[in-house]
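In: Next comes the sequence, and after it the predicted model I'd like to discuss.
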Amino acid sequence: MIALSLAEIAEVVGGQTHDIPDPSVEVTGSVVRDSREVEPGSLFVAFVGERVDGHDFAEAVVAAGAVAVLASRPVGVPAIVVADVQKALGALARHVVRRLGATLVALTGSAGKTSTKDLIAQVLQHKAPTVWTPGSLNNEIGLPLTALSATEETRFLVLEMGARGIGHIRYLTDLTPPKIGLVLNVGTAHIGEFGGREQIAQAKGELVEGLPSEEDGGAAILNADDPLVRAMASRTKAKVILFGESGEADVRAENVRLTDSGQPAFTLHTPSGASDVTMRLYGEHHVSNALAAAAVAHELGMSAEEIATALSEAGSLSRWRMEVTERPDGVTVVNDAYNANPESMRAALRALAAMGKGRRTWAVLGKMAELGDEALAEHDAVGRLAVRLNVSKLVAVGGREASWLQLGAYNEGSWGEESVHVSDAQAAVDLLRSELRPGDVVLVKASRSVGLESVADALLSGGAEGEVAAR
C-alpha cells in the first residue's frame, strides 16, 4: 500500500484511535485479513467470522510487525476502531485508489473471469507494473484488499468483480471506480439466485454504467458474440469496443484452431494490425478470453505484435483451472475443479475431447451449484454433451445432481458401462486407480463445494493407497 499515517487512515475511515502512542506512524506494508500474512508495517483488518474472530489475533499480529489493527472494538494494542470494518476497508480502498496514478481495469462475467483477469495481468505486465486480483477474491472484501496492495509504482490495477445480486457490482465500482470496464458474457452461473439471465445481465451491466464518459477516457469492452452483453452498449457513456469472433468486432480472431495437444491458436486482428497467437493454455474457450485481454491491452496502447507475444507466453496463474499434468505412466490429469457452471462445464468437456483425440477420455464430474429450477435440465444437458463429444467414460460423483448427469448420458446414447455414478470423491479415486491405463486423459470438474480437486490430487500424489485427504 502507499504509505499512510494512522491518523490519516483514522480520518478516512471515520474511526477512533486506541492505544496508539504516535498517530503519525505510517502503514508501509500490506493490508491483510489473515494473521499469517502479516509483515512489518502491515495493517491487520479484524473481521468477525462464523468460526474465527480476527480480534482474537490482535496481540499476535502486532507482535509480528503489524502497525495497528482495524477493528470494531478496542483490543489492547494499537487499533483504529470503527462501527463497520467492511465499510471502513472500502473507504480506505476508495481513498487510496484516488491517490494512485494507476489506470484501473475492471471485469465481470458469468464465466471465465479469473482466467481472463490472469491473461490481462500478464499482458499488461509487458508494458508496465501491474497489480491484479489474486485468485477469485472478487467480492466486497477481496476487491478492496487487492486495491490496497497497489503502490506508487503500479501503473495498471486489474480488478475482477463478482456479483450475486443486483447492486453488487455498482457497490464495487463505487469503491474502486474503473476507467476501463470489460464484460465477458452472461450465462447461467448463479441463475438460481438471480432468477434469470436478464437479471444477470442487469447486474453485470452495472459495470459499464459506472464508467467515465468517452471524453474522460472511459472504455467499455463488450463481447460482440453475446447479445446480452452487446446490448450493454446503450447503458454506458464510455467508448465502446467490441471483441469476439464476429466480423463486426474491433478485436477479433480468425483461423481459430487447436493444436494436437488442445491448445488454441489463431490470428489476432486489432484496429492497428494483426499477429499470430499460439497459447499455452488448453481449450478453445480461451480464445474469447484472449480476445478480451487483447482489447484491453490495445486500448492501453499495446501493438498487435506485443499483445500476441504476451498472450503466447501467458500461463495459468490461479489454481485448479485447467491445470494439466502428465503422470510418469502417460496418464494426463486435467484439474479444472475450482468451480463449475454450465458454460464452463461445456468448455471443459470440449477441451477434454480435443486433448484426447486417439486416447481414452474420462470426465469426472460433480454438482453445478446455484442453478435453481434449471438444475435438472442443465445437468442432463452436460451428460448428453459428454456422449456427443465421444467422451469414453463419465464418472458422476455425488448425490442427486450426479444422477442427473448420468441420466443425461444414458438418454442421449443409451450408455451402459460408459457411465458410472459413485457416491463420493474416494469412490471415484478407487474406480480410476483400478481402471486407468497409460495414455488416458482425465478431466475433474465440479462446483467448489464438491471439492473434487481432491480426486486430481490423489491421482497425482503417487501414494500407494491414493486416498483422498480429509477435508
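Out: Now that the structure is in, tell me what you want to look at.

In: can you give me the strands for the stretch 101-250 of the chain?
Out: 103-108, 130-132, 156-160, 180-183, 219-223, 239-244 (DSSP state E, counting those that start in this stretch).

In: helices or strands next to the shortest one in the packing?
Out: In this structure, strand 130-132 packs against helix 113-125, strand 156-160, with contacts taken as 3 or more Cβ pairs under 8 Å, 6 or more residues apart in numbering; DSSP states H and E. In short, each C-beta sits where N, CA and C put it, glycine included.

In: That strand - which strands sit beside it in the sheet, and in what orientation?
Out: strand 156-160 (parallel) (DSSP bridges).

In: In CSV, list the strands of the stretch 101-250 of the chain along with mean pLDDT and mean neighbour count.
Out: Listed next are those as CSV, based on pLDDT from 0 to 100; neighbours: other Cβ atoms under 10 Å:
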stretch, mean pLDDT, mean neighbour count
strand 103-108, 98, 25
strand 130-132, 97, 22
strand 156-160, 98, 27
strand 180-183, 98, 30
strand 219-223, 98, 26
strand 239-244, 98, 21
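
In: Which of the ones you listed sits closest to A88?
Out: Using Cβ to Cβ as the measure, strand 156-160 is the one of those that comes nearest A88, at 19.1 Å.

In: re earlier: so which of the helices and strands packed on strand 130-132 is the most surrounded?
Out: Ranked by mean neighbour count, those are led by strand 156-160 with a mean of 27 (mean count of other Cβ atoms under 10 Å).

In: then that one to PDB, C-alphas only?
Out: The C-alpha coordinates for strand 156-160 follow below in PDB (Å, rounded to 0.1, in the frame of the first residue of the first chain):
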ATOM      1  CA  PHE A 156      -2.300  -0.800 -14.100                       C
ATOM      2  CA  LEU A 157      -4.700  -2.200 -11.500                       C
ATOM      3  CA  VAL A 158      -6.800  -5.100 -12.800                       C
ATOM      4  CA  LEU A 159      -9.800  -6.000 -10.600                       C
ATOM      5  CA  GLU A 160     -12.200  -8.900 -11.000                       C
END
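
In: Kindly present the strands of the stretch 101-250 of the chain as a markdown table, with separate columns for distance to L70.
Out: Output for the strands of the stretch 101-250 of the chain, formatted as a markdown table (distance: least, Cβ to Cβ, whole Å):
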| stretch | distance to L70 |
| --- | --- |
| strand 103-108 | 23 |
| strand 130-132 | 20 |
| strand 156-160 | 21 |
| strand 180-183 | 29 |
| strand 219-223 | 34 |
| strand 239-244 | 38 |
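
In: Can you check which of the helices and strands packed on strand 130-132 gets nearest to E248?
Out: Using Cβ to Cβ, the helices and strands packed on strand 130-132 put helix 113-125 closest to E248, at 20.8 Å.

In: Packing partners of the closest one?
Out: strand 103-108, strand 130-132, strand 156-160, helix 286-299, helix 304-313.

In: how about A290, what does it touch?
Out: A290 sits next to 119, 253, 264, 266, 268, 277, 279, 311 when contact means Cβ atoms under 8 Å, 6 or more residues apart in numbering.

In: Ok, R448 next?
Out: 338-339, 369.

In: So what's the residue count around H126?
Out: Residues near H126, counting by other Cβ atoms under 10 Å, number 16.

In: Look up the closest residue to it, ignoring the ones flanking it.
Out: A310 (4.6 Å; Cβ to Cβ, 6 or more residues apart in numbering).

In: check contacts around that neighbour.
Out: 122-123, 125-126, 297, 302.

In: ditto for D424
Out: So, once contact is read as Cβ under 8 Å, 6+ apart, D424 ends up touching 397-398.

In: what's the spacing between it and E153?
Out: 48 Å (Cβ to Cβ, to the nearest Å).

In: Give me the most central residue, the chain.
Out: Residue closest to the average C-alpha location in the chain (Cα atoms, centre = their mean): T114, at 2.3 Å.

In: any idea how far A381 is from that residue?
Out: From T114 across to A381, the span is 24 Å (Cβ to Cβ).

In: for T17, same thing?
Out: Taken as Cβ to Cβ, the span from T17 to A381 is 57 Å.

In: cool, E370 as well?
Out: E370 is 16 Å from A381, by Cβ to Cβ.

In: remind me which residues of the stretch 351-471 of the chain are low pLDDT?
Out: By pLDDT under 70, the weakly predicted segments of the stretch 351-471 of the chain are 462-471.

In: Strands along that one, start to end?
Out: Counting by DSSP E, counting those that start in this stretch, the strands of the stretch 351-471 of the chain are 361-365, 393-397, 419-422, 441-445.

In: okay, how far is it across stretch 211-227, tip to tip?
Out: Taking Cα to Cα, to the nearest Å as the measure, stretch 211-227 stretches 20 Å from start to finish.

In: likewise stretch 216-224?
Out: So stretch 216-224: terminal residues 24 Å apart, Cα to Cα.

In: Identify the residues contacting that stretch?
Out: 109, 179-185, 208, 211-212, 229-230, 232-233, 236-244, 246, 248-249, 252, 288, 292, 295-296, 299.

In: Quick check: G54 touching F44?
Out: Yes: assessed by Cβ atoms under 8 Å, G54 is found in contact with F44 at 7.3 Å.

In: out of these two, which sits in the busier spot?
Out: Neighbour tally, G54 and F44, criterion other Cβ under 10 Å: the higher count belongs to F44, 30 against 22.

In: Can you give the domain ranges for this structure?
Out: With domains defined by automatic domain parsing, the chain comprises 4-83, 100-313, 323-461.

In: what's around the closest residue to G315 other than its chain neighbours, how many residues?
Out: Leaving aside its sequence neighbours, G315 sits nearest to R280 (Cβ to Cβ, 6+ apart; 5.3 Å). A count of nearby residues for R280, using other Cβ under 10 Å, gives 15.

In: quick one: R280 from G15, how far?
Out: Taking Cβ to Cβ, one finds R280 at 46 Å from G15.

In: Same check on L376?
Out: The value you get for L376 to G15, if Cβ to Cβ is used, is 50 Å.
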